[in-house]
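**Q** got a predicted structure here, sequence first:
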Amino acid sequence: MKLITKRSVLALAAVGTLAAALVGCGKKEAPPAPAPAASAPKVEPLKAAWVYVGPIGDAGWTFAHDLGRKAAEAEFGDKLKTSFVEKVPEGADAERVIRDLAQQGNKIIFATSFGYMEPMLKVAKDFPDIKFEHATGYKTADNMRVYDARFYQDTYLAGMIAGKMTKTNTLGFVGSFPIPEVLRNINAFTLGAQAVNPKIKTKVVWVSTWFDPPKESEAAQTLINGGADVLLQNTDSTAVLQTADKAGKYAFGWDSDMSAFGGKAHLGSAIVDWGNYYKKSIKEVMDGSWKGNTVTRWGVAEGQNDLVKISDAVPADVKAKVDEIKAGMKAGTFEVFTGPIKDSTGKERLAKGTAADDDWRGKIDFYVKGVEGKIPSGK
């Protein structure tokens, strides 16, 4: 019998340990830990640009559009990069600016004045992959559409207040260009005033510009000299309101809240809020649902138009009536242009009980009864 000693036990243990080590050496090594996944490439922000006819500090039309641009920036954060070009004349300069913005890689371009329509249409044909939007026009394309506001609604409300506040029964209107958009507002202002005061007549002075404070002021003074004591305008500065204040007359803010500029003259401001439309349109570009060949017109019902900051000088019963009509506009039960409507020559333009549609409103080329003078031909 073999004697098993303590030393032999230790030797066997050592051999076992060595064998285990050798077996371990024959095993495959564990695979290295996988490298961290590469981060997804950063998505570049959508580039959007605006073309403005006036300066962003005009406190009116361009200021309102720029507030809308800023609302879009706030909505989309670093997913959106915006830019703008201000004080762009309508015509050849507009085409150059729009084309340059397209070449800069903007995916959507907003042109914010009626006279930009033809230049934008021309550029849109050369850049089919870019989305183009034109404010207040009527021509569209596969990659171009129109957006507008129902200014005539808050203009009608302003007319109701003017009809009650006038002492001379004569209103004044400073017009820019004799296009349907502006004629709608002159007529709506007059109809709103006549709804509460049948004696109303309206005088118009045309300035052939959207923004020219000295011209606007001169036109306002001409109207005041002619007996008008409540004024409204379809121009972009605060000049009409400020001229009325200096003369001790009344007037309204236009496009934006101008209450800070009007003193005692300010009866209210007919405003337009473009923010919701700009956010909607940009979202459609981002998610691929944007469609051309469309026209969008929002108004009081959509929160795009309103008459705000109504003066304490306006009697409570007049404010209540304004609120009543505004509620009808929101509900879709009140239409500003409802027949019978006659033009300044006495010709019937809309039959009794007939409510105008956008086609009819878009072709207005006349003054309603009560508006004095003749419409200038051309722009």
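**A** Yep, that arrived.
**Q** residue contacts, the residue most central in space within the chain?
**A** In the chain, the centroid-proximal residue (Cα atoms, centre = their mean) is residue 274; its distance is 2.7 Å. The contact partners of residue 274, by Cβ atoms under 8 Å, 6 or more residues apart in numbering, come to 64-65, 67-68, 71, 149, 304. Yep, even glycine has a C-beta here, placed from its N, CA and C like the rest.
**Q** and those residues, which of them are in strands?
**A** residue 149 (DSSP state E).
**Q** just the ones in helices from the contacts of residue 274, please.
**A** 64-65, 67-68, 71 (DSSP state H).
**Q** by neighbour count, which of the residues you listed wins?
**A** residue 65 (28 neighbours; other Cβ atoms under 10 Å).
**Q** residues contacting it?
**A** Per Cβ under 8 Å, 6+ apart, neighbours of residue 65: 50, 52, 110, 112, 135, 274.
**Q** run the last query once more with 6 Å
**A** 112, 274 (Cβ atoms under 6 Å, 6 or more residues apart in numbering).
**Q** now the residue nearest to the centre of the chain: how far from residue 207?
**A** For residue 274, the distance to residue 207 equals 24 Å [Cβ to Cβ, to the nearest Å].
**Q** and for residue 73?
**A** Counting by Cβ to Cβ, the gap from residue 73 to residue 207 is 33 Å.
**Q** between the two, which has more neighbouring residues?
**A** Legend: neighbour count by other Cβ under 10 Å for residue 73 and residue 207, higher for residue 207 (23 against 18).
**Q** and the more buried one, how far from residue 173?
**A** 11 Å.
**Q** between the contacts of residue 274, which is nearest residue 140?
**A** residue 149 (17.1 Å; Cβ to Cβ).
**Q** all strands for the stretch 151-300 of the chain, in order.
**A** 170-175, 201-206, 230-233, 250-255, 266-272, 295-298 (DSSP state E, counting those that start in this stretch).
**Q** partner strands of the first one, with direction?
**A** Here strand 170-175 has these sheet partners by DSSP bridges: strand 201-206 (parallel), strand 230-233 (parallel).
**Q** redo the ones you listed as CSV? Include mean neighbour count, mean pLDDT and distance to residue 377.
**A** Formatted as CSV, the strands paired with strand 170-175 follow (neighbours: other Cβ atoms under 10 Å; pLDDT from 0 to 100; distance: least, Cβ to Cβ, whole Å):
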stretch, mean neighbour count, mean pLDDT, distance to residue 377
strand 201-206, 21, 98, 11
strand 230-233, 30, 98, 21
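**Q** residue ranges with poor pLDDT in the stretch 251-379 of the chain?
**A** 378-379 (pLDDT under 70).
**Q** ok, 50 please
**A** 379 (pLDDT under 50).
**Q** in it, what residue spans correspond to helices?
**A** 259-262, 275-287, 316-331, 358-361 (DSSP state H, counting those that start in this stretch).
**Q** tell me which of the ones you listed sits nearest to residue 88.
**A** Of the helices of the stretch 251-379 of the chain, nearest to residue 88 by Cβ to Cβ is helix 275-287, at 18.2 Å.
**Q** list the buried residues in the closest one.
**A** 275-279, 281-283, 285-286 (16 or more other Cβ atoms under 10 Å).
**Q** now do stretch 109-119
**A** 109-117, 119.
**Q** and for stretch 48-63?
**A** Buried residues in stretch 48-63 (16+ other Cβ under 10 Å): 48-54, 56, 58-63.
**Q** what does that stretch rub up against?
**A** 66, 69, 82-88, 97, 101, 106, 108-113, 210-211, 236-238, 254-256.
**Q** residue 44 - that's part of a strand, no?
**A** No. The assignment for residue 44, made by DSSP: H, G, I helix; E, B strand; the rest coil, is coil rather than a strand.
**Q** Provide the backbone phi and psi angles at it.
**A** Main-chain dihedrals, residue 44, degrees, to the nearest 10: phi -70, psi 140.
**Q** that one - how many residues pack around it?
**A** 9.
**Q** what do you get for residue 260?
**A** Around residue 260 there are 12 other residues, counting by other Cβ under 10 Å.
**Q** so residue 275 touches residue 69, yeah?
**A** No. Assessed by Cβ atoms under 6 Å, residue 275 is found out of contact with residue 69, at 8.5 Å.
**Q** got the contact list for the closest residue to residue 141 other than its chain neighbours?
**A** Take residue 141 and drop its neighbours on the chain: the residue closest to it by Cβ to Cβ, 6 or more residues apart in numbering is residue 124, 5.3 Å away. By Cβ under 6 Å, 6+ apart, residue 124 lies in contact with 132, 141, 143-144.
**Q** just the ones of those in strands?
**A** 132, 144.
**Q** give the contact list for residue 136.
**A** Counting by Cβ under 6 Å, 6+ apart, residue 136 has contacts 114, 148, 181.
**Q** domain map for the chain?
**A** Annotated domains of the chain cover 46-150+274-298, 151-272+304-361 [automatic domain parsing].
**Q** could those go into JSON lines alongside distance to residue 369?
**A** JSON lines is the format used below for these (distance: least, Cβ to Cβ, whole Å):
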{"stretch": "domain 46-150+274-298", "distance to residue 369": "22"}
{"stretch": "domain 151-272+304-361", "distance to residue 369": "5"}
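**Q** out of those domains, the one nearest residue 375 is which?
**A** Nearest of these to residue 375, taken as Cβ to Cβ: domain 151-272+304-361 at 4.9 Å.
**Q** how about residue 160: what's its closest non-neighbour residue?
**A** Per Cβ to Cβ, 6+ apart, closest to residue 160 is residue 192, 4.5 Å.
**Q** contacts only, for that neighbour.
**A** 156, 159-160.
**Q** and what of residue 166?
**A** By Cβ under 6 Å, 6+ apart, the contact list for residue 166 reads 229-230.
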